[in-house]
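Participant: need a 3D model of the following:
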Amino acid sequence: MAARRKANRILAAVLIPLTLLTLAAMAALWPSGNREGLTLANPYAAAPGVTFDTGRIQRVVTESCTQAAAGDSTAQDSTAQGSTGGSQCTFAFTEPDKGGNPVKVVINPDIAKSHGVKVGDNIRYLNLSRAQAAATGADAPAAQGSPSYIFVDFVRTMPIILLALLYAVVVVAVARWRGLRALIGLVGAYFVLVSFMLPGLVEGKPPLLLALVGSTVIMIGVLYFAHGFSARTSTALLGTIFGLGITALLAAWATDAANLAGVGSHDAATLVNISDKISISGIILCGLIISGLGVLNDVTITQSSAVWELYELAPNTSARKLFSSAMRIGRDHIASTVYTIAFAYAGAALPILIIVMLYNRPLGEALTSAELSEEVIRTLVGSIGLVLAIPVTTLIAVLVVKATGVRSAELTTSADVPRPSAADHRPGGHAAIGADDVDDTGALAAAAAVAGWESEADAPPATRRGRRAAQRNQTQRD
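Facilitator: Numbering: from 1, shown residues only. The predicted structure follows:
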């Protein structure tokens, strides 16, 4: 415990000023919440008389699009299915959740071709019946070929809730309280993202500083909340902050050097048109930094824990040997995590990859195109920051554990036991052996010689849990 307190004091001298500086920067950059001049039409805002309703599909038919007139289910049942007159459209007879007769909802052609709808699906649709009745008269039928109910989206509430519950149960069941704390920390991270970083980007705050400050705050909260206040957590945090700094510098350079404008997407064009304060390049820069947070946190906390575990198993290991052993673990982690980043981004950009493939463009031209360059740079920037964070985290952890001066409980140090004399070498005598006189493999045997144990098996266990168990066994024997 004394050694741990010493390590914590060493790390606190670095992390406390850094945390205070980060919080001060966060307070200075906190968005005002003023969105004057920002107007964006909500695609889900309905006109007077138009509502968004939900319901469950009972039957799916394919009919001529010219027959898509509103009506009740009895009138629609008489419509000839598979009519060949004109273009064919897909309709879903849907029972409204609010009650009433089934309505005939026209399904968008892209949905009908790509995914389709089936009986039992819950959908959200646009209800135009009242608006059409007000425009043509209460008793007048809808205009020929003008549907009264139009598909909008699927209702995915229940599957997402079930998956979220399963995820939470699995995490808590395996990681227990630490897993629960990690889930709560994730909620806090999203709060920082939604309340600080996104509004700051909208208001034109400096994107590089905004991403660095927000990411640092997220990592401080998530790491300490999930893993507790300890020297190894603080070491992981220092390594994470270093990785964030490298990633931010590379992202800033790459965004400018590669001219990542992001204007090729519809969403980016929408943001550009609603305000002059919004910088698409700044949003891309911020995204490059945020995208690597999770993996960076993963490797730093793993490396920090590896160093601590290795040191506790062999406290007298030299710093060079300890670093080399931990880096062997880190290299395996680097290899697997680089694959993780690359495949994660490839999976997210799979539709774009297919489109680019169908263009039959040369590989080099395709990878540097506007469609793929952002994903490629995101992968490279995140991977470089990740790889460099591993040796830095390992080095910090080795320096911290060596600075604590921890020694194994079985060894008697030279300060506590006098040096052996010539008389101690007589037959039957036991030489006093200091910690500097033994190596890792002979530590237990040397301790047995010092303490006068008959065998190495009589030595007390190395861990607190083992020592407590040995004490309980001894008490029972007495």
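
Participant: run through who's touching the host helix or strand of Phe91.
Facilitator: With secondary structure defined by DSSP states H and E, Phe91 is part of strand 88-96. Contacts to strand 88-96, defined as Cβ atoms under 8 Å, 6 or more residues apart in numbering, come from residues 53-65, 68, 73, 76, 102-107, 109, 112, 116-117, 121, 123, 125, 149, 151. Using the backbone N, CA and C atoms, a C-beta is placed for each residue, glycine as well.

Participant: residues of it that come out buried?
Facilitator: Within strand 88-96, the residues that count as buried by 16 or more other Cβ atoms under 10 Å are Cys89, Thr90, Phe91, Ala92, Phe93, Thr94, Glu95, Pro96.

Participant: can you list the strands that that strand pairs with?
Facilitator: Using DSSP bridges, the strands paired with strand 88-96 in its sheet are strand 51-64 (antiparallel), strand 103-107 (antiparallel).

Participant: how far away from the center of its chain is it?
Facilitator: 39 Å (Cα atoms, centre = their mean, to the nearest Å).

Participant: number of residues surrounding the closest residue to Thr247 other than its chain neighbours?
Facilitator: The spatial neighbour of Thr247 that comes closest, neighbours along the chain excluded (Cβ to Cβ, 6 or more residues apart in numbering), is Gly385 at 3.3 Å. With neighbours defined by other Cβ atoms under 10 Å, the count for Gly385 comes to 25.

Participant: do you know how far Gly385 is from Ala27?
Facilitator: If you measure Gly385 against Ala27 using Cβ to Cβ, to the nearest Å, the figure is 26 Å.

Participant: circling back: buried members of the contacts of strand 88-96 into PyMOL, please.
Facilitator: In PyMOL syntax, the buried subset of these is picked out as below (16+ other Cβ under 10 Å):
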select buried, resi 53+54+55+56+57+59+60+61+63+64+65+68+73+76+102+103+104+105+106+107+112+117+121+123+125+149+151
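
Participant: any idea which element the most centrally placed residue in the chain lies in?
Facilitator: For the chain, the residue nearest the mean C-alpha position is Gly294 (4.1 Å; Cα atoms, centre = their mean). Under DSSP H and E, the secondary-structure element containing Gly294 is helix 293-313.

Participant: centre of the chain to that helix, how far?
Facilitator: The offset between the C-alpha centroid of helix 293-313 and the centroid of the whole chain comes to 17 Å, using Cα atoms, centre = their mean.

Participant: following the chain past that helix, name the next helix or strand.
Facilitator: Of the helices and strands lying after helix 293-313 in sequence (DSSP H and E), the nearest is helix 319-348.

Participant: between that following helix and helix 293-313, how big is the angle?
Facilitator: Calculated by axes from the mean of the first three to the mean of the last three Cα atoms, to 10 degrees, helix 319-348 forms an angle of 150 degrees with helix 293-313.

Participant: bridged to Pro96, which residues?
Facilitator: Counting by DSSP bridges, Pro96 forms beta bridges with Gly55.

Participant: give me the pLDDT for it.
Facilitator: Each residue has a pLDDT score; the one for Pro96 is 89.

Participant: and it, how far from Thr54?
Facilitator: Summarising the geometry, the distance separating Pro96 from Thr54, computed by Cβ to Cβ, is 7 Å.

Participant: same thing with His227?
Facilitator: Per Cβ to Cβ, His227 is found 42 Å from Thr54.

Participant: distance to Lys205 added to the buried residues of strand 88-96, as a markdown table?
Facilitator: What follows is the buried residues of strand 88-96, written out as a markdown table (distance: Cβ to Cβ, whole Å):
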| residue | distance to Lys205 |
| --- | --- |
| Cys89 | 48 |
| Thr90 | 46 |
| Phe91 | 49 |
| Ala92 | 46 |
| Phe93 | 51 |
| Thr94 | 45 |
| Glu95 | 49 |
| Pro96 | 45 |
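
Participant: buried set for the host helix or strand of the residue nearest to Thr247?
Facilitator: Element membership for Gly385 (DSSP H and E) is helix 373-404. By neighbour count, with 16+ other Cβ under 10 Å as the criterion, the buried positions of helix 373-404 are 373-379, 381-398, 400-402, 404.

Participant: run the chain-centre distance for the longest helix seen in the chain.
Facilitator: Within the chain, and with DSSP state H defining each element, the longest helix by residue count is helix 157-192. A distance of 12 Å separates the C-alpha centroid of helix 157-192 from that of its chain, computed with Cα atoms, centre = their mean.

Participant: Leu212 reaches Ala248, doesn't it?
Facilitator: Yes. Look at Leu212 against Ala248 with Cβ atoms under 8 Å: they come within range, at 5.2 Å.

Participant: what sits in contact with each of the two?
Facilitator: Both Leu212 and Ala248 are contacted by Ile289, under the criterion Cβ under 8 Å, 6+ apart.

Participant: where does the stretch 351-478 of the chain dip in pLDDT?
Facilitator: 404-478 (pLDDT under 70).

Participant: repeat that with 50
Facilitator: Within the stretch 351-478 of the chain, the stretches with pLDDT under 50 are 407-460, 462.

Participant: please apply the same query to the chain.
Facilitator: Counting by pLDDT under 50, the chain contains low-confidence ranges at 68-85, 138-143, 407-460, 462.

Participant: check for me that Gly116 belongs to a strand.
Facilitator: No. Assessed by DSSP: H, G, I helix; E, B strand; the rest coil, Gly116 does not belong to a strand; its assignment is coil.

Participant: how near is it to Pro109?
Facilitator: Distance of Gly116 to Pro109, given as Cβ to Cβ: 11 Å.

Participant: next up, identify which helix or strand Val152 is on.
Facilitator: Per DSSP H and E, the secondary structure element for Val152 is strand 149-154.

Participant: what angle separates that strand from strand 51-64?
Facilitator: Orientation of strand 149-154 against strand 51-64 (the same axes, to 10 degrees) gives an angle of 110 degrees.

Participant: what sits up against strand 149-154?
Facilitator: In contact with strand 149-154 (Cβ under 8 Å, 6+ apart) are residues 44, 52, 70, 92, 94, 103-108, 111, 117, 121-129.
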